[in-house]
Each structure stands twice: as structure tokens, then as C-alpha cells.
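Q: Here is a sequence together with a model predicted from it:
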Amino acid sequence: MHTLTYSQRKSELRTYFDKTAASAWERLTSEAPVSRIRATVRAGRDRMRTTLLAWLPENLEGRRILDAGCGTGALSIEAARRGAEVVAIDIAPTLVELAKGRAAEILGARAIEGRGAGTIQFLAGDMLDPSLGRFDHAIAMDSLIHYRPADMVAMVGRLATVSGSSVLFTFAPRTPALTMMHTVGRFFPRHDRAPAIEPVDAGFLRRHLASEPALLHWRADRSLRIDSHFYTSQAMEMMRA
């Protein structure tokens, strides 16, 4: 994908998550004490990760999974525990190194060296890179939410082209609260801004997914919204028809 908006946003996200917010994400995704606001975000993300993992087969041995936007690696680690061969990729090298260290502590060095059942290959780069190969399932948890709806739909389509069974992703549902936060965020000084989340109406998203050429033989299946005070995200499952 090479649209101008996609390329610009990807560059912004790389800078933000690799430099500005790396230490904050390290703390948020650990068990370290955090503020009450961040605790609600942590709880929401935990519930979302559990939901997405529950939409996969319980036994993942022999399954190849793409964790597109793996962050600090929690979802990849759980999938590997269930026997999956995971390719975990993120745009931020700092987060990838953190994820690799956590995986080695939890699963052992064999898992990240690709030996035995349940392995993780960590990569820093573009989650849409076709050279990553083919997968049984592709998962993009909170990694598409910063892109404009048209780019998001195209990104889901790209993930579907490399996935044999399902694509699981999340989006920011258009709600009054999220719309207000999005609007207010535009008034912050540029150096204080996190990359904006792009809220999208669920009905709009379903209609455009249905008309995306790459998703011609796919259908939108389960969907679930997680609301945890300062964390609101909606999961959607695309299944090959």
C-alpha cells in the first residue's frame, strides 16, 4: 500500500511509538503500577486481547499467525503458548526489542529461535509487507485505528490476501466521546500530540469492507465492542466465505 496518507501516517506512528511513547507503552503493558486512567486502558486492552484469542481455534499447533502491529508482544506470546508459529511485526523497533525480551523470559529462548512447537519470529517493519508470506490467521489489534477509514479498509483487504482463514482486527467505533477527543486533540501543540485515532461508524465500515475487491470472498462475522472508561475499541472478524 503506497497511498500518501498511509505513508505519512506510518512515518508518524514509527516516530511516536519508537521514540516518544516507548517508555510509556513499556509501563502500560507491564504489571507496574499506573494511574487510574491508564489502568482502565490496560484492563480494556487485556479484555480485547482475550476476545481476539478466543476467536481463534483453541489448539493452534501447525497454524501460522501474523500479529500485525505486535507492540510489546502479549498476544504473540499467548498464541505461541497454544502452539502457533507466530510472525510478530511492528513498526517500532524499540517495542519489538522489548517484546522479544519478554517472550524469551516467558517462553524461553527456544521459542524465539524457532525451535519446537510454539514459536515467535519478531520483526520490525511494515505489517503489510508481502514477503512475510502466507498465514492461517492475521490479527491487527489496535494497529489500524490511526489510519483513515479508506486506508483501513484497504489494509484489511491486504491482510486478507495473505490469510487463509480469518482476519481479526479492531477499530475505534464512532461515539460522541471519541469524536470529541479526536476534535480536541487537534488543538494541542504538535509536539504534544499523539497520533490521532480515526473513529469510524461500524455500518460504514461493513459496507465498505463488502465492496473492497480483495474481500470479495470474505464475510464480516463476529463483532464485539469493549468499553473500559478511557479505552473503547471494537473487534471485528472477517472470515473467508
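A: That came through fine. Note that the coordinates shown come from a computational prediction; the quantities given were computed from them, not determined experimentally.
Q: tell me which element residue 27 falls in.
A: When elements are defined using DSSP states H and E, residue 27 is found to belong to helix 22-28.
Q: With residue 232 instead?
A: When secondary structure is defined by DSSP H and E, residue 232 falls within strand 231-240.
Q: next one: residue 207
A: helix 202-210.
Q: Run through who's touching that helix.
A: Counting contacts by Cβ atoms under 8 Å, 6 or more residues apart in numbering, the residues outside helix 202-210 that touch it are 149-150, 152-153, 156, 171, 173-174, 215, 218, 220, 223, 234, 236, 238. Bear in mind the C-beta positions are built from the backbone N, C-alpha and C, glycine included.
Q: Now that helix: buried residues?
A: Of all the residues in helix 202-210, those buried under the rule 16 or more other Cβ atoms under 10 Å are 205, 208, 209.
Q: got CSV for these, with distance to residue 12 and pLDDT too?
A: Formatted as CSV, the buried residues of helix 202-210 follow (distance: Cβ to Cβ, whole Å; pLDDT from 0 to 100):
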residue, distance to residue 12, pLDDT
205, 22, 96
208, 23, 97
209, 25, 98
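Q: will you turn these into a markdown table that also has distance to residue 10?
A: A markdown table is the format used below for the buried residues of helix 202-210 (distance: Cβ to Cβ, whole Å):
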| residue | distance to residue 10 |
| --- | --- |
| 205 | 20 |
| 208 | 21 |
| 209 | 21 |
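Q: circling back: what comes up buried for the helix holding residue 27?
A: Under 16+ other Cβ under 10 Å, the buried positions of helix 22-28 are 22, 25, 28.
Q: elements contacting that helix?
A: If contacts are counted by 3 or more Cβ pairs under 8 Å, 6 or more residues apart in numbering; DSSP states H and E, helix 22-28 sits against helix 36-54, helix 93-107.
Q: Packing partners of the last one?
A: Read that as helix 93-107. Here helix 93-107 touches helix 22-28, helix 74-81, strand 85-90, helix 109-112, strand 119-124, going by 3+ Cβ pairs under 8 Å, 6+ apart.
Q: Least reliable of the ones you listed by average pLDDT, please.
A: Here the lowest mean pLDDT among the helices and strands packed on helix 93-107 goes to helix 109-112, at a mean of 88.
Q: List the buried residues of that one.
A: In helix 109-112, residues buried by neighbour count (16+ other Cβ under 10 Å) are 111, 112.
Q: elements contacting that helix?
A: Helices and strands touching helix 109-112, as assessed by 3+ Cβ pairs under 8 Å, 6+ apart, comprise helix 93-107, strand 119-124.
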